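Colleague: A structural model of the following input is requested.
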Amino acid sequence: MELYYIAFVLFVVGFLYASVGHGGASGYIAVFSIFSIPVAQYKPLILMLNMLVAGTGFFQFRRAGHFRWSTCWPFLITSIPTAFLGAWYALEGKVYFVLLGLALILPTIRLLDITPKERQKRKTVNIPLALLIGAIVGLLSGMLNIGGGIFLSPLLILLGWANAKEAAATSAIFITLNSFSGLLGNTTPIYIDPSFALWFCAAAAGGFTGAYFGSARFPMATVRTLLSVVLLIACCKLLFFM
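Modeller: Down below sits the predicted model:
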């Protein structure tokens with residue numbers, strides 16, 4: 001029965017994260033930890049789920065016309081190689097959960113209407129700064145075994161380089177490629193269990209549904225609010241329930 005509980009929760013996590021262009025790594029980490037799935041089993045699985053859900057999200061947001069290659073490419077150039085390097089020095093244990101939870105606090109606070117709203121006028125991406133951000137986020141992503149969208153999408157919005165849906169589209173492809181890079185650099189043996197098939201299907205269904213509503217149905221303010229809620233939930237789980 002626990003197998004189906006996990007599948008249902010993964011569906012919900014996939015829906016919430018994909019609706020804002022994320023893969024859901026921090027949510028999956030919380031789910032697998034709560035259900036006492038061994039770290040050695042779920043770490044590579046998380047990146048695979050990330051690629052699946054974020055890839056689905058990218059397809060939906062791109063089809064809806066929210067993807068801008070000019071916004072995306074500077075981050076990818078530096079993040080992909082640093083995500084690979086970061087995976088070689090992946091963090092473990094309580095330090096891993098605490099650092100990931102703390103890392104979520106700043107973008108969560110910034111998006112909860114405490115700081116300025118989305119900028120109505122788009123700014124041109126500062127290439128040198130974007131390259132630096134990509135390198136740092138990629139390294140952190142590899143070390144924390146995530147895709148990095150939780151860091152990138154708030155920055156894109158707050159710097160005025162993208163609106164919420166454009167940030168979701170950029171984050172989705174960013175997560176997909178960095179998760180693949182991190183998986184290649186992963187030093188943990190990949191464990192395959194038959195139950196993974198059900199979990200993949202559940203996450204994929206949630207991701208496809210969430211990405212559809214996030215890209216075509218939810219208004220911009222809803223996407224921004226969902227992103228804030230998702231980050232807050234993940235932050236609380238990692239800091240207080242791990």
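Colleague: Buried residues, the lengthiest helix in the chain. List them.
Modeller: Across the chain, the helix with the greatest residue count (assigned by DSSP state H) is helix 39-63. For helix 39-63, burial by neighbour count (16 or more other C-beta atoms under 10 Å) applies to 41-62. C-beta here means a position set from N, CA and C on the backbone, and glycine is covered the same way.
Colleague: How about stretch 71-91?
Modeller: Under the neighbour-count criterion of 16+ other C-beta under 10 Å, stretch 71-91 has 71-76, 78-87, 90-91 buried.
Colleague: and what of stretch 178-186?
Modeller: By neighbour count on 16+ other C-beta under 10 Å, the buried set for stretch 178-186 is 178-183, 185-186.
Colleague: For that stretch, what is the distance to the chain centroid?
Modeller: Relative to its parent chain, stretch 178-186 has a centroid offset of 14 Å by C-alpha atoms, centre = their mean, to the nearest Å.
Colleague: can you list the residues that contact that stretch?
Modeller: Stretch 178-186 is contacted by residues 23, 25, 43-44, 47-48, 50-51, 54, 79-81, 83-88, 90, 138, 141-142, 145-148 when judged by C-beta atoms under 8 Å, 6 or more residues apart in numbering.
Colleague: how does it look with 6 Å?
Modeller: With contacts defined as C-beta atoms under 6 Å, 6 or more residues apart in numbering, stretch 178-186 is touched by 44, 47, 50-51, 79-80, 83-84, 87-88, 138, 141-142, 147-148.
Colleague: Sketch out the low-pLDDT regions of the chain for me.
Modeller: Applying pLDDT under 70 to the chain flags the ranges 39-40, 104, 106-121, 190-192, 216-228, 230-231, 234, 241-242.
Colleague: Just want to check the distance between the most far-flung residue of it relative to its centre and F67.
Modeller: When distances to the mean C-alpha position of the chain are computed (C-alpha atoms, centre = their mean), the maximum falls on M1, with 27.9 Å. Distance of M1 to F67, given as C-beta to C-beta, to the nearest Å: 40 Å.
Colleague: Also M51?
Modeller: For M51 relative to F67 (C-beta to C-beta), the value is 17 Å.
Colleague: which residues in this protein form helices?
Modeller: Secondary structure of the chain (DSSP H): helices at 2-18, 25-34, 39-63, 69-88, 93-109, 127-144, 149-158, 164-185, 195-212, 220-240.
Colleague: Run the angle between the fourth one and helix 127-144 for me.
Modeller: Spelled out, it's helix 69-88. 40 degrees (axes from the mean of the first three to the mean of the last three C-alpha atoms, to 10 degrees).
Colleague: A25: what's it in contact with?
Modeller: Counting by C-beta under 6 Å, 6+ apart, A25 has contacts 46, 50, 146-147.
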